[in-house]
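Undergrad: Need coordinates for the following:
(chains A and B)
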Number of protein chains: 2
Amino acid sequence: MGTDMSTSRKFGLAVAQMGPVHLQDDRASVVRRLIDMLRQAHARQARMVVFPELALTTFFPRYWMEKTEAEARFFEHAMPNPDVQPLFDEARRLGVGFYLGYAELTPEGRAFNTAIIVDDKGNIVGKYRKIHLPGHDDHKTEAPFQHLEKKFFEVGDLGFRVFDAMDVRMGMCLCNDRRWPETYRVMALQSAELVVLGYNTPSVNIHWNEPVHLRTTTHLISLQANAYQNGIWVAAAGKCGSEDGHHMIGSSVIVAPTGEIVARTSGEEDEVIVADIDLTLGENLRQHVFNFAKHRSPEHYRLIVERTGAGEPVA
Amino acid sequence: MGTDMSTSRKFGLAVAQMGPVHLQDDRASVVRRLIDMLRQAHARQARMVVFPELALTTFFPRYWMEKTEAEARFFEHAMPNPDVQPLFDEARRLGVGFYLGYAELTPEGRAFNTAIIVDDKGNIVGKYRKIHLPGHDDHKTEAPFQHLEKKFFEVGDLGFRVFDAMDVRMGMCLCNDRRWPETYRVMALQSAELVVLGYNTPSVNIHWNEPVHLRTTTHLISLQANAYQNGIWVAAAGKCGSEDGHHMIGSSVIVAPTGEIVARTSGEEDEVIVADIDLTLGENLRQHVFNFAKHRSPEHYRLIVERTGAGEPVA
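TA: Residues are numbered from 1 along each chain as shown, chains lettered A, B, ... in the order given. From the prediction side, this is the model:
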């Protein structure tokens, strides 16, 4: 792909897409599926596996319920916990790290849509709480289903941090964050080399009559352009297929810093894709066209932090 | 494309791609080509035409020369000027607005890579001076050609403003700006509906051995993702083909707020593409998934303005 660096720095990376998790599926059965994919990834020489957002349960924000009911049924009160411990144990045994998304209830009772990075020793080395929560907090009785992330979760309070794990500087985010260029830029300004993320993306848009093919198009171009514009690798794992009749898109991918998709799932079930990614591939981009120090002009970007919503022209 | 708005707001928009302008081509011959394309666009009901960056001359930053020589040969000392006046006259006569890129030398002797928007009355209603200048200012004697924008031009001093012209709120930028998400975001935060731009993109990357197909891939995904992520229309006009043996990419496009390419040139010569764009198409995006006021979190974006270059992780 056009690197003329004399050395490459390879890293075996897997994305473990998940098929549906239905309401009646218990955590133990889901964790068995994750462990099975972890082993597949390890057999294909992956050193890290990216699992989806809210990987342990169905995508429950589609259902109207009280917050207390959601927290009792779908949130993790500790991580790891007895249900998830077998995944941590097998990952440590195999020496494979992972990214996992889950609903987090803190000891203080705060609720977040959370992801963690666990290294190849089984240690949680990074945590992220979702910032760009989509959807609404009211009951849309006319809609075919709900998207209640703004009801069940607080906006994340940890920012977009990056972490050194397994000799890779990685950042992470969750689902809707991938459509916001600020997400990737803040991590690239901390010299991220790889951004990992999980998602659950309904195939039907409840807000307007969006053609279904656009759900995949916009997912892919967002990942591709932001990988390229920051000179970073991006890996995205979806939970997809039809959960109790509610369909979500697949197309989990690994995207190179060139913007090219180097691996993509082909179905809507549990499916592992692996790429032996070269972490130096983005260096030419970061040294030339996207040499931030040489080319950025923050004095002209101030509106990005001075405004939240769109407003009138600046005179 | 999935709008359920009861009204649409149509605007005939043309992109006028240019084939090569060679060193020996004079301004008058170039302006005749622009006028010919302006008439084609008008005949196809366009109300505005987007011309390329540095449309009046060859892409001279590829040649090593003294700054004074470049300014004497390739810069405009007034706009309009006698060479360009016929384009302004014909545009006013037809009632068609346009965007035009040119090298600007101010009365004070400052040099910018500039673009203007001229409305359907022939008035210059907006000016932009390129902020993300690519390339270098030193003589790369080993390179097959130069990319001396950092030698010949100052960084633009006008910011990313938006302008109301012909009942459209439009922003503009130039070439390399299109690869920087900050460009579009600052204009979208001023409620831009359409961003127009011109470019000259060499097919060969002088910095590293980049596969040529990526030059087009990264051009297109940047336009598509940034159109989508801001819910805006984007129109991009290239000068392309082989200028005195130096080849540049074509693929001038009009991109919808959905991220979809709705018109694209097919060759590398002068070529007009037209789309009757619906300016309301982005409203669903701006009201829901990209409702900035509801979903953005500027408190987590501060690094975008606090850092220029990439640095260490924030603790």
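Undergrad: Quick check, pLDDT for the residue of the stretch 51-200 of chain A found nearest chain B.
TA: Closest approach between the stretch 51-200 of chain A and chain B, counting by CB to the nearest CB: residue A:181, at 3.5 Å. Where you see a C-beta, it was placed from the backbone N, CA and C, and this is true even at glycine. Residue-level confidence at residue A:181 comes out at 98, pLDDT.
Undergrad: In space, what's closest to it - neighbours in sequence excluded?
TA: residue B:181 (3.5 Å; CB to CB, 6 or more residues apart in numbering or on different chains).
Undergrad: Pull the contacting residues for that neighbour.
TA: A:181-182, A:185, A:225-226, A:229, B:226, B:229 (CB atoms under 8 Å, 6 or more residues apart in numbering or on different chains).
Undergrad: what does residue A:308 give?
TA: Per CB under 8 Å, 6+ apart, neighbours of residue A:308: B:292-293, B:296-298.
Undergrad: Run through those and flag the ones next to chain A.
TA: Among the contacts of residue A:308, the ones lying near chain A by CB under 8 Å from any CB of the partner chain are B:292-293, B:296-298.
Undergrad: Dump those residues into TSV; add distance to residue A:206 as well.
TA: Below are the ones next to chain A among the contacts of residue A:308 laid out as TSV (distance: CB to CB, whole Å):
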residue	distance to residue A:206
B:292	20
B:293	20
B:296	21
B:297	23
B:298	27
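Undergrad: Quick check: the closest residue to residue A:292 other than its chain neighbours vs residue A:62, distance?
TA: In this structure, residue A:292 finds its nearest non-sequential neighbour in residue B:309, 4.6 Å apart by CB to CB, 6+ apart. Here residue B:309 is placed at a distance of 42 Å from residue A:62 (CB to CB, to the nearest Å).
Undergrad: Count the residues that sit near the residue nearest to residue A:292.
TA: By other CB atoms under 10 Å in any protein chain shown, the residues close to residue B:309 number 13.
Undergrad: List the ones among the contacts of residue B:181 that fall in strands.
TA: Among the contacts of residue B:181, no member falls in strands (DSSP state E).
Undergrad: From those, pick the one nearest residue A:98.
TA: Nearest to residue A:98 among these: residue A:226, at 22.4 Å, using CB to CB.
Undergrad: Identify the residues contacting the nearest residue to that closest one once chain neighbours are set aside.
TA: Closest residue to residue A:226 apart from its sequence neighbours, by CB to CB, 6+ apart: residue A:184 at 4.3 Å. Residue A:184 sits next to A:171, A:173, A:192, A:195, A:226-227, A:229-230, A:232, A:234 when contact means CB under 8 Å, 6+ apart.
Undergrad: 10 Å instead, please
TA: Residues near residue A:184 by CB atoms under 10 Å, 6 or more residues apart in numbering or on different chains: A:160, A:171, A:173, A:177-178, A:192, A:195, A:197, A:222-223, A:225-227, A:229-230, A:232, A:234, B:181.
Undergrad: Just give the number of residues close to the closest residue in space to residue A:278 that isn't next to it in sequence.
TA: Of all residues not flanking residue A:278 in the chain, residue A:8 sits nearest, at 4.5 Å (CB to CB, 6+ apart). The number of residues packed near residue A:8 is 12, by other CB under 10 Å.
Undergrad: could you pull out the strands for chain A?
TA: Remark: strands assigned in chain A by DSSP E are A:10-17, A:48-50, A:97-105, A:111-118, A:124-129, A:162-165, A:168-174, A:194-199, A:233-238, A:241-243, A:246-248, A:253-255, A:261-264, A:271-278.
Undergrad: could these go into a markdown table alongside mean pLDDT and mean neighbour count?
TA: A markdown table is the format used below for the strands of chain A (pLDDT from 0 to 100; neighbours: other CB atoms under 10 Å in any protein chain shown):
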| stretch | mean pLDDT | mean neighbour count |
| --- | --- | --- |
| strand A:10-17 | 98 | 24 |
| strand A:48-50 | 98 | 29 |
| strand A:97-105 | 98 | 25 |
| strand A:111-118 | 98 | 24 |
| strand A:124-129 | 98 | 19 |
| strand A:162-165 | 98 | 20 |
| strand A:168-174 | 98 | 25 |
| strand A:194-199 | 98 | 28 |
| strand A:233-238 | 98 | 28 |
| strand A:241-243 | 98 | 18 |
| strand A:246-248 | 97 | 20 |
| strand A:253-255 | 98 | 26 |
| strand A:261-264 | 98 | 18 |
| strand A:271-278 | 98 | 21 |
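Undergrad: Can I get the ones you listed in TSV including distance to residue A:72?
TA: Formatted as TSV, the strands of chain A follow (distance: least, CB to CB, whole Å):
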stretch	distance to residue A:72
strand A:10-17	27
strand A:48-50	28
strand A:97-105	9
strand A:111-118	11
strand A:124-129	20
strand A:162-165	31
strand A:168-174	22
strand A:194-199	23
strand A:233-238	26
strand A:241-243	20
strand A:246-248	21
strand A:253-255	35
strand A:261-264	37
strand A:271-278	31
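Undergrad: quick one: which of those is nearest residue B:262?
TA: Using CB to CB, the nearest of the strands of chain A to residue B:262 is strand A:261-264, at 22.8 Å.
Undergrad: what does the closest one contact?
TA: A:1, A:13-15, A:17, A:220, A:223-224, A:227, A:233-236, A:250-256, A:271-277, A:281.
Undergrad: The same query, at a cut-off of 8 Å, please.
TA: Here strand A:261-264 has contacts from A:15, A:220, A:224, A:251-256, A:273-275, A:277, using CB under 8 Å, 6+ apart.
Undergrad: could I have that strand exported to PDB, CA atoms only?
TA: Extracted C-alpha coordinates of strand A:261-264, given in PDB (Å, rounded to 0.1, in the frame of the first residue of the first chain):
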ATOM      1  CA  ILE A 261     -11.400  -1.700   3.800                       C
ATOM      2  CA  VAL A 262      -9.000  -4.600   4.300                       C
ATOM      3  CA  ALA A 263     -11.400  -7.000   5.900                       C
ATOM      4  CA  ARG A 264     -15.200  -7.100   6.100                       C
END
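Undergrad: What strands flank that strand, and is each parallel or antiparallel?
TA: strand A:253-255 (antiparallel) (DSSP bridges).
Undergrad: How about residues contacting the partner strand?
TA: Residues contacting strand A:253-255 (CB under 8 Å, 6+ apart): A:13, A:15, A:220, A:223-224, A:227, A:233-236, A:261-265, A:273, A:275, A:277.
Undergrad: Over to stretch A:29-40?
TA: A:14, A:16, A:18, A:21, A:49, A:51, A:55-57, A:83-84, A:86-87, A:90-91, A:94, A:96, A:98, A:100, A:270, A:272.
Undergrad: what does the average pLDDT come to for that stretch?
TA: Across stretch A:29-40, the average pLDDT comes to 98.
Undergrad: buried set for it?
TA: Using 16 or more other CB atoms under 10 Å in any protein chain shown as the test for burial, stretch A:29-40 gives A:30-31, A:33-35, A:37-38, A:40.
Undergrad: Can you pick out the most distant pair from these?
TA: Taking CB to CB, no two of the buried residues of stretch A:29-40 sit farther apart than A:30 and A:40, at 15.9 Å.
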